[in-house]
Structure formats: C-alpha cells, structure tokens
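A.B. asks: just to be clear, the model below is a prediction. Sequence and coordinates:
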Amino acid sequence: MAAEARVSAFWNTLHFLRPHWLWALLALPVLAWWWRVQRHRLNAWQGHVDPHLLQHLLVRGGRSARTGMVAAGLAYALAVLALAGPSWRQGEQPLWQAQRPLVLVLDLSSRITTPDLPPSRLLQVRAKLARLLDARAGSPVALVVYADDAFTVAPLTDDAGNIRLYLDELSPEIMPVDGQRADRGIARAARLLSQADFRNGDILVLTDRANSEASMAASEARAEGYAVSVLGLGTSAGAAYRATDGTIGHAALDASSLRAVVAAGGGRYEPATADGADFAGLGIASPALDTVGVSTAPGGGKAWRDEGYWLLIPLMALALLWFRRGAALVLVGALWLPMASPARAAGIDWWQRSDQATHARLEKGADAYRQGDYASAEQAFAGIDTAEGQYNLGNALAKQQRYDDAVAAYDRALRLQPSMADAVANRAAVDAARKRPPSPGDGQGKPGSQGSGDQASSGAKGDASDGKESGQQQRASPSSQDASTPPSGNPGQAQAGKNNAPPPRTPPKPSPDPATQAAADAAQRERMRAAIGEQDGQRAGKPPQDAPAVQAETAEQRERRQAVDAWLKRVPDEPGSLLKAKFRLEHDRRQREGQ
C-alpha cells in the first residue's frame, strides 16, 4: 500500500516545467516516415531482389536497420522530454532580494540651527540620523547636504559607519554659501542613484520648507523610479535663528510646501518627532526589499526542481550504439595516456625597473649566502653599485677568505655611505684578520675566521632573513643583525648553526688591536641604543620601524624630526575642515564652469 501511495503521489505531482517542448514529439512519426522513405529510395537493390531475400543480403538490412530506427526515435523522445523539464518534487529556492537604497538629503542652511526643536534642529537631526543608520546597517545609504548648492558627503555605501564619522561635523559653517535650494539636493540624490545603476530607490529630504523648483526636481526623480519623501524639521510656531552673515531671522515649518514636494515625488511626509515614529511612518526605519519571484501561495519559498537531467543517462547509453566498431576501445585507451608535464614560464626580467632588478639580485645573493654558496652570492652581489650591495659583497668575499677584495668592497661601501657603522666594524675586523699571520699546524683552518672572516660576513642576507628584516628591505638585510656583531665572541658558529652547516675550524683567537676593539664597541653601543628605542616604541603601542642598517642619528636629523613631529601635532583632526575645503573647491569649480 505504501508503494502504491508513493506511485500515486508521483503521478499526481508529475508535470513539465517547459511543456511547450512536448510539441516536438509530433514530429517523431513524420521523421520516422521520412527516414523509411529515404531508406527505400536510396536502396538500389529493391527493384532487383525479392524483399524476403534482400534482408539477408544487405549488411545493415532487416532487423538491424529497424533496431537503429527505433533507437533513434527513442533517443529523440528522451531528448524532448528532458528539454520539457519533468518535475515531481520541490526544493528550497533562494530568492533574489535587493535592499532599496536610501539617499539622505539634509538641509544645512543657517535655518538648521533654529532652537524650536530643543536643543536645536541640527542636534536633533544628528541623533536621528545616527539611529537611522544603526537601523539600516548593511543597506545602501548615501548622504547629501545642501544650502545654496548641494554636495555629496558620502556616496552610496553599505558601510553606515562611513557616514557616521561625519555626523558631528555637519553644520552650516562647512557650506560655501548660505541658501536653501532643496531642488539641487534632490537632483544630486537622483544622480547618485542613477550612477549606481539603481532602478528604484528612496530619497529622504530633511528640511523645513521647499520651493516650487523642489517639486519639479521631485517629479523628475519620480519619473526615474525614485520616491521622494520629506521629514519636516521644526514647528509651525518656529523660532529665531542667526544666519551665517550675522543677521537674525525667523524659521518655521512650512508643511504645505513639503507636502507639495511629496505629492510630486510619490513619497510620504512626516513631521519630526522625538520618539522615532516619524521614520516608522516614512517606512525607512528598516531597509525595504525589492523581491523578485516570491509566491504568495503556501510554500512560496520553494520551487519545482527540474529533473530532466536524469533522462541524460539513458540518452547517453543509446548514443553508444552510434559508435563505430572499435571506437569505444580507442576512447578507453585514451584514458591511459600519460599526463603532460606542466609547462612553466621562464623567468624574464626585461620588464623590471632598475630598483626591482637590484632587489631581485639581492634576494638571489641572500639565498645563495644562506645555503653556504658564497661564490654564487659574490656573483649576485657584484655589480650592485650601492652601499648595501658592496657591503654584502664584502661579506661574501670574507667568507671565502679573500680579505683584500673584501676590504676593497667595504671601502666602496663606505665611500657611498660613510656613516655605515656595520661596514666600519667589519672592515676593521677583516683588515686585522688579513694582517695576522696564519696559525701553524692548521692548514685547513680559516685564519682569523672567528674574529674576522665569519664575523665580517655573518651578517649576510641569511641572518637577517630570520624575521628581523623583511624582503622589502633589501638594502642590507645582511647588515641588520649579525653583520655588525663585534669581532669578539663566536658569531661564526652561531651563523653556522642557523644554516645547519658545521662550524669552520678556527685557530686560537688573538687579542684584537685597540682600533678594532674600539670600532666594534661603537657598533655594539649603536645596536643597543636602537634595540632600546624599538622596545620603547613597542611599549607605547607603536609598530617597530625596521632599519636596514643601524645608524646614529645626527643632531641635525634629530632636530628636523622633532620639527616635523611638532608640525604634525599642530594639525587638527577635524573632518569638518576637510569637508569645508572640499565643498569650497567644488563650489569654485562649478562657478568657473557656469554650473
């Protein structure tokens, strides 16, 4: 009984989503008749051999021909049924819903300061707009202000916080010229909606009165698909206010002129209230939805599923009958063909700028240095005519015990940047190493490697790449840490541990000369001062500033930095000043262009 019930339910719900395709089934008998006529016409043996013998003489005659015709007819019928879209069950269908955009058009004439809505209209509007933005979070909203002309504070955006940033800065003082041209505000709002490709939307004007031009602008906006509503600010009694030019005026709510704008714009009118009922009456307290394809019947959120794809399985099975003999085996064999190796584009550097090419060579040299391939590192650093490049070259040469060439590279680096303390320290260490006689009994050792060679080059790119220096500061990531380590101690072994390489054999370390020790001590003091300054910045919540090479700040540089900081602190953080300057420039441009 249960099976019969399911079958009955299936036939009761079975229908076709595109039933007009079923008309194609009427062509099936016509096509069968035409195929049979063509078959007899093309068979030249029909007039010479008896029919009961012909079916045995022809290669594809008799039953095989009829089988092909039946298979073709069945395939045609299955294809038509699949195109008709058979359906017998429903599924959840996500409906496309678009939130209606809202453009707020605020009157920022001097009348907005009238205190008939205590403490003033402006403060009331700021609070109301903040609540409205919270209620419409995630829906498109824009803000336009107007006085004698209209300006865009924020274009259409889903981020209400972008508009909330400017609410406290809205005042008549940011407008270039005082006035009350609501028509220009409505026109600019309609232009914003049109530029954003919205076919429908809402425009809300917040003001106390409007002229006849505003009604015309509202009518034009309505013709474009945008409804114009008005929120009346103030009371019918009104109050006195001070204009921007110092004169005293009286501002009262002119409800009749605002209703005329609403009638022309196809929107709603509500006077401002303190409880928020005004926005509810306007219908904009929550974003409205433009819904497409919503059914009013029960289960309107579901849609019939197209099950025609199930008919493709028998259709493909019938298609196998048209394969030539052996063709299927060829296709199966094609599946076993080996996959082609992926092609990789060769690196090209002809499009790089000179600074990018230098950066790439520094990276290449750093990688080679990290892997202990100092000869390749030397080739990469050679030809980089910068202080950092020559410094890194000196490190690579010192690792190869070519101390004379390393000293020459350090000298070139110091000519380009005399204040590079790392180059001074490493040059002194390498110079001391080359002047030391080799230690007898250790032919494979590196003379002076602990105090000079390893030390001088321990700051090559590899050490700095452990996180202190990022790839974007290639000027001597090698010089950021270990490269400037004083010759004392055993930095060579530490570097070897980082690179997972065994430490080199080193002879007993002689005591350094006074000049070398003094240079190393100076470099160490500079590093300690930089580290302390970086820690202080981190405690103050400031991000550490990576420096490719630690340098002492001169008195002139310190004075310049302090002067710049003092000027920056004097710049007020006032978005209102930015809006005022922006509106003034836009107003002047429009005046020049005659707008």
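C.D. replies: Noted; the coordinates are in hand. Residues are numbered from 1 along each chain as shown.

A.B. asks: give me the neighbour count for Leu311.
C.D. replies: Neighbourhood size, Leu311 [other CB atoms under 10 Å]: 18. In this view, the C-beta of every residue, glycine as well, is placed from N, C-alpha and C.

A.B. asks: and what of Val177?
C.D. replies: Summarising burial for Val177: neighbours were counted as other CB under 10 Å, giving 14.

A.B. asks: next: Val144.
C.D. replies: A count of nearby residues for Val144, using other CB under 10 Å, gives 25.

A.B. asks: can you check the one 3 residues further on too?
C.D. replies: When neighbours are counted by other CB under 10 Å, Ala147 registers 25.

A.B. asks: contact partners for the closest residue to it other than its chain neighbours?
C.D. replies: Of all residues not flanking Ala147 in the chain, Met175 sits nearest, at 4.0 Å (CB to CB, 6 or more residues apart in numbering). Contact criterion CB atoms under 8 Å, 6 or more residues apart in numbering gives 108-109, 145, 147-148, 151, 583 as the residues in contact with Met175.

A.B. asks: selection in PyMOL covering whichever of those are buried, please.
C.D. replies: Buried members of the contacts of Met175, identified by 16 or more other CB atoms under 10 Å, are gathered into one PyMOL selection as follows:
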select buried, resi 108+109+145+147+151+583
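
A.B. asks: return the subset of the contacts of Met175 lying in strands.
C.D. replies: Counted as lying in strands by DSSP state E, out of the contacts of Met175, are 145, 151.

A.B. asks: in helices, which of the contacts of Met175 appear?
C.D. replies: Secondary structure defined by DSSP state H assigns Phe583 of the contacts of Met175 to helices.

A.B. asks: wait, which of the contacts of Met175 is closest to Pro418?
C.D. replies: Nearest to Pro418 among those: Phe583, at 51.3 Å, using CB to CB.

A.B. asks: was I right to think the closest one contacts Ile174?
C.D. replies: Yes - applying CB atoms under 8 Å as the test, Phe583 and Ile174 come out as touching, 6.2 Å apart.

A.B. asks: can you tell me which of the contacts of Met175 is closest to Tyr166?
C.D. replies: Set against Tyr166, the nearest of those by CB to CB is Val145 (9.2 Å).

A.B. asks: what's opposite the closest one in the beta bridge?
C.D. replies: Here Val145 sits in beta bridges with Leu106, Phe151, going by DSSP bridges.

A.B. asks: ok, now which ones touch it?
C.D. replies: Contact criterion CB under 8 Å, 6+ apart gives 105-108, 151, 153, 170, 174-175, 185 as the residues in contact with Val145.

A.B. asks: same deal with Ser219?
C.D. replies: Under the criterion of CB under 8 Å, 6+ apart, the contact partners of Ser219 comprise 264-265.

A.B. asks: before we move on, what about the one 10 residues further on?
C.D. replies: Ser229 makes contact with 202-205, 262, 265, 267-270, 282-284 under the criterion CB under 8 Å, 6+ apart.

A.B. asks: quick check: it vs Arg589, distance?
C.D. replies: 31 Å (CB to CB, to the nearest Å).

A.B. asks: how about Met420, phi and psi?
C.D. replies: Torsion angles at Met420 (phi, psi; degrees, to the nearest 10) stand at phi -80, psi 100.

A.B. asks: look up how far Arg590 lies from it.
C.D. replies: Counting by CB to CB - Met420 and Arg590 are separated by 55 Å.

A.B. asks: those two - which one has more neighbours?
C.D. replies: Summary of the neighbour comparison: Met420 and Arg590, criterion other CB under 10 Å, with Met420 having more neighbours (25 against 13).

A.B. asks: pLDDT score for that one?
C.D. replies: Looking at Met420, its pLDDT reads 85.

A.B. asks: what of Ala563?
C.D. replies: pLDDT, the model's per-residue confidence, is 82 for Ala563.

A.B. asks: give me the element it is part of.
C.D. replies: helix 555-570 (DSSP states H and E).

A.B. asks: who touches that helix?
C.D. replies: Where contact means CB under 8 Å, 6+ apart, the residues beyond helix 555-570 that reach it are Glu553.

A.B. asks: hmm, try it at 6 Å
C.D. replies: With contacts defined as CB atoms under 6 Å, 6 or more residues apart in numbering, helix 555-570 is touched by no residue outside it.

A.B. asks: CA atoms only: put that helix into CSV for me.
C.D. replies: Coordinates of each C-alpha in helix 555-570 appear next as CSV, following Å, rounded to 0.1, in the frame of the first residue of the first chain:
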residue,chain,number,x,y,z
ALA,A,555,71.9,66.3,15.8
GLU,A,556,70.6,67.9,12.5
GLN,A,557,68.5,64.8,11.8
ARG,A,558,67.1,64.8,15.3
GLU,A,559,66.2,68.5,15.1
ARG,A,560,64.5,68.0,11.7
ARG,A,561,62.5,65.0,13.0
GLN,A,562,61.4,66.9,16.1
ALA,A,563,60.3,69.9,14.0
VAL,A,564,58.2,67.6,11.7
ASP,A,565,56.6,65.9,14.7
ALA,A,566,55.7,69.3,16.2
TRP,A,567,54.1,70.4,12.9
LEU,A,568,52.1,67.2,12.7
LYS,A,569,50.8,67.6,16.2
ARG,A,570,49.5,71.0,15.3
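
A.B. asks: switch to numbering from 16
C.D. replies: In the new count, where the first residue is 16, that last one comes out as helix 570-585.

A.B. asks: helices along the stretch 366-515 of the chain, start to end?
C.D. replies: Listed in chain order, the helices of the stretch 366-515 of the chain (DSSP state H, counting those that start in this stretch) span 369-385, 389-396, 402-414, 418-431, 436-450, 469-472, 476-479, 506-513.

A.B. asks: what's in contact with the fourth one?
C.D. replies: Going back to what we said before, that points to helix 418-431. When contacts are defined by CB under 6 Å, 6+ apart, helix 418-431 is touched by residues 402, 405-406, 408-409, 412-413, 438, 442, 445-446, 448-449.

A.B. asks: using CSV, list the CA coordinates for that helix.
C.D. replies: What follows is helix 418-431 as a C-alpha-only set of coordinates in CSV (Å, rounded to 0.1, in the frame of the first residue of the first chain):
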residue,chain,number,x,y,z
TYR,A,418,90.3,39.5,2.6
ASP,A,419,91.9,42.1,0.3
ASP,A,420,88.9,42.0,-2.0
ALA,A,421,86.6,42.2,1.0
VAL,A,422,88.3,45.3,2.4
ALA,A,423,88.1,46.9,-1.0
ALA,A,424,84.4,46.2,-1.1
TYR,A,425,83.9,47.6,2.3
ASP,A,426,85.8,50.7,1.2
ARG,A,427,83.5,51.2,-1.7
ALA,A,428,80.5,50.8,0.6
LEU,A,429,81.9,53.5,3.0
ARG,A,430,82.6,55.9,0.1
LEU,A,431,78.9,55.6,-0.8
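
A.B. asks: surely Gly282 and Val243 touch.
C.D. replies: Yes - Gly282 is within contact range of Val243, at 4.7 Å (criterion: CB atoms under 6 Å).

A.B. asks: okay if I get the contacts of Val160 as a markdown table plus pLDDT and distance to Leu327?
C.D. replies: Supplementary listing: these in a markdown table, determined by pLDDT from 0 to 100; distance: CB to CB, whole Å:
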| residue | pLDDT | distance to Leu327 |
| --- | --- | --- |
| Val120 | 97 | 56 |
| Leu121 | 97 | 59 |
| Asp122 | 96 | 63 |
| Leu123 | 95 | 64 |
| Phe166 | 96 | 59 |
| Val168 | 94 | 56 |
| Leu185 | 93 | 62 |
| Ile189 | 93 | 65 |
| Met190 | 94 | 66 |
| Gly200 | 96 | 58 |
